[in-house]
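Chemist: Sequence first, then the predicted structure, then my questions.
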Amino acid sequence: MNTAIKKETISSSFIESLDLAQFQFAVEQRAKAFEAFKTMGLPEAKSEEYKFTPVSKWLTKHFSAAELSRQTNHVNESVKDLLNPEFAKNRIVFVNGVYNKALSSITSDSKITIQPLGEAIASNPSLPFDQLNINDPFALVNSTLWSDGLYINVPKNITEKKPLFIHYLHDASSNKVSVHTKLFVTVGENASFNIIEKTDTLGDQPVFNTISEEIIVEENAFFNYCKIQNDAGHLTQVANTTIHQHKSSRTDTYTFTLNGKLIRNNLNIIIDGEGCDSHFYGLYLTDGDTLVDNHTTVDHKMPNSFSNQLYKGLMDGKSKGVFNGKIFVRPHAQKTNAFQSNRNLLLSDDATVNTKPQLEIWADDVKCSHGCTTGQLDKEALFYLQSRGIPKATAKAMLLYAFAGEVLDVIKDEQLKNYIDSIVSERLHKGY
Amino acid sequence: MLKIKNIHARVEEKTILNGINLEVKPGEVHAIMGPNGSGKSTLASVLAGREDFEVTDGSIEFLGKDLLKMSPEDRAREGVFLAFQYPVEIPGVSTVNFMKTALNKIREYRGQDTLDAVSFLTLMKEKVKLVEIDQSLLSRSLNESFSGGEKKRNEIFQMAMLEPKLAILDETDSGLDIDALRIVANGVNKLRTKDNATIIVTHYQRLLDYIVPDYVHVLYNGKIVKSGTKELAMELEEKGYDWIKSEMEVA
């Protein structure tokens, strides 16, 4: 009883001490988010949504309120060594949450607006960039403490195939850093856009990072979104991504989680039009003490749409995986097809996974299915390969790669595919 | 080529093989028959090195080497091939890739150069004809949603690719219709030479109409209780396994 009261006090005093005075823009909106956050508080250990993912515990252990609200603008030059040459052609770079013009190079169609979000709202205060996601406390932390972000507006009928690479770099070489950014994208009618997002950290001081993303995909538009989480730093990240899909639009998302400390991805898809097509793929390949938690919500509000989720995990060491997939089919959303699959392979005795599908279906003429499996490498398959002369280590690598391959195969962008494939191949020792 | 001496084996606490003795010479075809549960498939598994089986006594010599000391992959590289009773479905690994990896690993082991893509494909095309397998099957995931016949043909295709010295066909005939049986048997017959040997493990005499054995052995309760020529298989077919069972009980 005493400990519960004590925890409560830490959480509220922690929140009360956040310093907002330093922020010069979005002041009102911040204050509103801060009030909502004070009411909600940090998720407690038993909180249903965060019971496997102790972000609060990690955060209050490593950060004081002052450290959480402090912005670190001084950065080490060598942070730019973290940039990927593969994606140099069309990239935008943030360092510790601040847009870095010198490292950015944008070659997307010039009709597309791509600008720092702070700048965008200064010129257009009515930009609806923040819907105040009150479901997640860390989205509120983000709305309270965000330093900057990116605004992208793809006008009607513009098709841009070349992906925009958004690289968030952190310099945690001498100090712990707290970085909070936003992304607001509108893909206009019949338009098409493609984003690849990645985070990398210099140094091994703790990094607390929240990213909040609102994406509006208009009628008949296409949006492709890929998140690469392979941060070698001491990173805890909570990403809230909300995608609103309008009539006949299509969205493909890919979430690759390969490294990090505590990684939580809240991916929310709102299907608010008929004839939408939505595909969500995830692959997490973890080792050490990485924890990756994918929470997805697909909300079918309108009839005749299709959604498919495929998340696969390979967990080694003491790593942990969490998958929670919610599907809502509203009463009006007849003829919905919604599918979900989460499959996991545990490669060590200490790796764990918690997977939970949550389907709530109010319409009566729908096709929905979900399946989750957790297992170990199939011994019979291993023996089969060995019995043809293939050494055990190679056989194992072949099977693991084949398991991951189901997700790799669906990546459409060749360059991205090769990039992810090379990381996965190396990780799985696919030297055959 | 193969000398099995007094082999005893068990799964967990259950003894399945109770002292098997068998010698196979190059060029020979041996059929091992017996009722369900007699230990036929266990013998095949022990030869290929399946981990679940523990050999508690006896020895197996293959081409002068101690087979039991070898890993399953080394047995394959020395020339042992097991055609599985239930070929495993492996999503995401195509037969082509699988065979290329396997063949090159075997060649490496034998100190031969690995095959480049062109030589591999040429070899594959030649072997595909032998077992009348649809080539498009081979670029699909290994055995995944193959019919029973396709799976068994794929086993024989793999055997053709790897050219083993000793092939063990574990109930390769089970679940095949007469056409598939004929194709599989033809494949096996075409692969026979004076230097290689075949062990056919089967419950029925039917396959032996197509692949004629030099010797037939009857396995019962983990022991070879009768050996003879192909006439023994005919006799078994006629009298049924109860004949063996009652003879054993009398003894």
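Modeler: Alright, I've got the coordinates. Residues are numbered from 1 along each chain as shown, chains lettered A, B, ... in the order given.
Chemist: C-alpha only now, for contacts and for neighbours.
Modeler: Noted.
Chemist: does residue A:242 have beta-bridge partners, and which?
Modeler: Residue A:242 has these beta-bridge partners by DSSP bridges: residue A:214, residue A:268.
Chemist: Would you agree it is in contact with residue A:268?
Modeler: Yes. Taking contact to mean CA atoms under 8 Å, the distance of 4.6 Å between residue A:242 and residue A:268 places them in contact.
Chemist: Centre of the chain to stretch A:418-428, how far?
Modeler: Relative to the chain's own centre, stretch A:418-428 is displaced by 20 Å; criterion: CA atoms, centre = their mean, to the nearest Å.
Chemist: residues of it that come out buried?
Modeler: Buried residues in stretch A:418-428, counted by 16 or more other CA atoms under 10 Å in any protein chain shown: A:420, A:421, A:424, A:425, A:428.
Chemist: And the closest residue to the fourth one other than its chain neighbours, its phi and psi?
Modeler: Distances taken as CA to CA, 6 or more residues apart in numbering or on different chains place residue A:401 nearest to residue A:425, at 7.0 Å, with adjacent residues excluded. Residue A:401 has phi and psi values of phi -70, psi -40 when expressed as degrees, to the nearest 10.
Chemist: Surely residue A:89 is in a strand?
Modeler: No. According to DSSP: H, G, I helix; E, B strand; the rest coil, residue A:89 belongs to no strand; its state is coil.
Chemist: Can you flag which of the buried residues of stretch A:418-428 belong to helices?
Modeler: Residues of the buried residues of stretch A:418-428 located in helices (DSSP state H): A:420, A:421, A:424, A:425.
Chemist: Tell me how far the third one lies from residue A:257.
Modeler: If I follow you right, that is residue A:424. Counting by CA to CA, to the nearest Å, the gap from residue A:424 to residue A:257 is 11 Å.
Chemist: any residues in contact with both of those two?
Modeler: residue A:285 (CA atoms under 8 Å, 6 or more residues apart in numbering or on different chains).
Chemist: hey, where'd the helices end up in the chain?
Modeler: Just so you know, I chose chain A. Listed in chain order (using DSSP H), the helices of chain A are A:2-16, A:27-40, A:55-62, A:65-69, A:117-123, A:137-145, A:379-386, A:392-408, A:414-427.
Chemist: Actually, chain B is the one I wanted.
Modeler: Listed from the start of the chain, chain B has helices (DSSP H) covering B:40-48, B:72-78, B:95-109, B:117-131, B:135-138, B:148-162, B:178-191, B:230-239, B:241-250.
Chemist: Relative to chain A, which of those is closest?
Modeler: Evaluated over the helices of chain B, closeness to chain A peaks at helix B:72-78, with 4.0 Å, by CA to the nearest CA.
Chemist: elements contacting the closest one?
Modeler: Judged by 3 or more CA pairs under 8 Å, 6 or more residues apart in numbering or on different chains; DSSP states H and E, the packing partners of helix B:72-78 are helix A:379-386, helix B:40-48, helix B:95-109.
Chemist: Just put the ones you listed in a markdown table and tack on mean neighbour count and mean pLDDT.
Modeler: Written out in a markdown table, the entries for the helices and strands packed on helix B:72-78 read as follows (neighbours: other CA atoms under 10 Å in any protein chain shown; pLDDT from 0 to 100):
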| stretch | mean neighbour count | mean pLDDT |
| --- | --- | --- |
| helix A:379-386 | 20 | 96 |
| helix B:40-48 | 23 | 95 |
| helix B:95-109 | 20 | 94 |
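Chemist: got CSV for those helices, with distance to residue B:195 too?
Modeler: Output for those, formatted as CSV (distance: least, CA to CA, whole Å):
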stretch, distance to residue B:195
helix A:379-386, 24
helix B:40-48, 19
helix B:95-109, 19
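Chemist: Ok, which of the ones you listed comes nearest residue B:211?
Modeler: With respect to residue B:211, and counting by CA to CA, the nearest of those is helix B:40-48 at 18.1 Å.
Chemist: nearest to residue B:188, of the helices and strands packed on helix B:72-78?
Modeler: With respect to residue B:188, and counting by CA to CA, the nearest of the helices and strands packed on helix B:72-78 is helix B:40-48 at 17.1 Å.
Chemist: do that closest one and chain A meet at all?
Modeler: Yes. Legend: contact between helix B:40-48 and chain A by CA under 8 Å from any CA of the partner chain is shown at residue B:48.
Chemist: Give me the angle between that helix and helix A:379-386.
Modeler: Taking axes from the mean of the first three to the mean of the last three CA atoms, to 10 degrees, helix B:40-48 and helix A:379-386 form an angle of 50 degrees between their directions.
Chemist: residues in contact with helix B:40-48?
Modeler: Outside of helix B:40-48, the residues within contact range by CA under 8 Å, 6+ apart are A:387, B:9, B:16-17, B:32-34, B:53, B:55, B:67-68, B:72, B:75-76, B:80-82, B:168, B:170-171, B:201-202, B:219, B:222.
Chemist: 6 Å instead, please
Modeler: When contacts are defined by CA atoms under 6 Å, 6 or more residues apart in numbering or on different chains, helix B:40-48 is touched by residues residue B:72.
Chemist: How about stretch A:171-183?
Modeler: Taking CA under 6 Å, 6+ apart as the rule, stretch A:171-183 contacts A:68, A:96-97, A:142, A:146, A:148-150, A:201-203, A:205-213.
Chemist: so of these, which ones are in strands?
Modeler: When DSSP state E defines the strands, the subset of these inside them is A:148-150, A:201-202, A:206-213.
Chemist: just curious, which of these is nearest to residue A:90?
Modeler: Checking those against residue A:90 by CA to CA gives residue A:150 as the nearest, at 14.6 Å.
Chemist: residues near the closest one, how many?
Modeler: Residues contacting residue A:150 under the criterion other CA atoms under 10 Å in any protein chain shown number 22.
Chemist: separation between it and residue A:256?
Modeler: Plainly put, residue A:150 is 21 Å away from residue A:256 if you go by CA to CA.
Chemist: Kindly report the residues of chain B close to chain A.
Modeler: Residues of chain B lying near chain A by CA under 6 Å from any CA of the partner chain: B:72, B:73, B:76, B:77, B:88, B:92, B:93, B:102, B:106.
Chemist: Most neighbours out of those, which is it?
Modeler: When neighbours are counted by other CA under 10 Å, residue B:72 leads the residues of chain B next to chain A with 29 neighbours.
Chemist: Distance check, it against residue B:47.
Modeler: For residue B:72, the distance to residue B:47 (CA to CA) stands at 9 Å.
Chemist: so what's residue 225 up against?
Modeler: Using chain A. When the contact criterion is CA under 6 Å, 6+ apart, the partners of residue A:225 are A:194, A:195, A:196, A:253.
Chemist: try chain B instead
Modeler: Applying CA under 6 Å, 6+ apart, the residues near residue B:225 are B:218, B:219.
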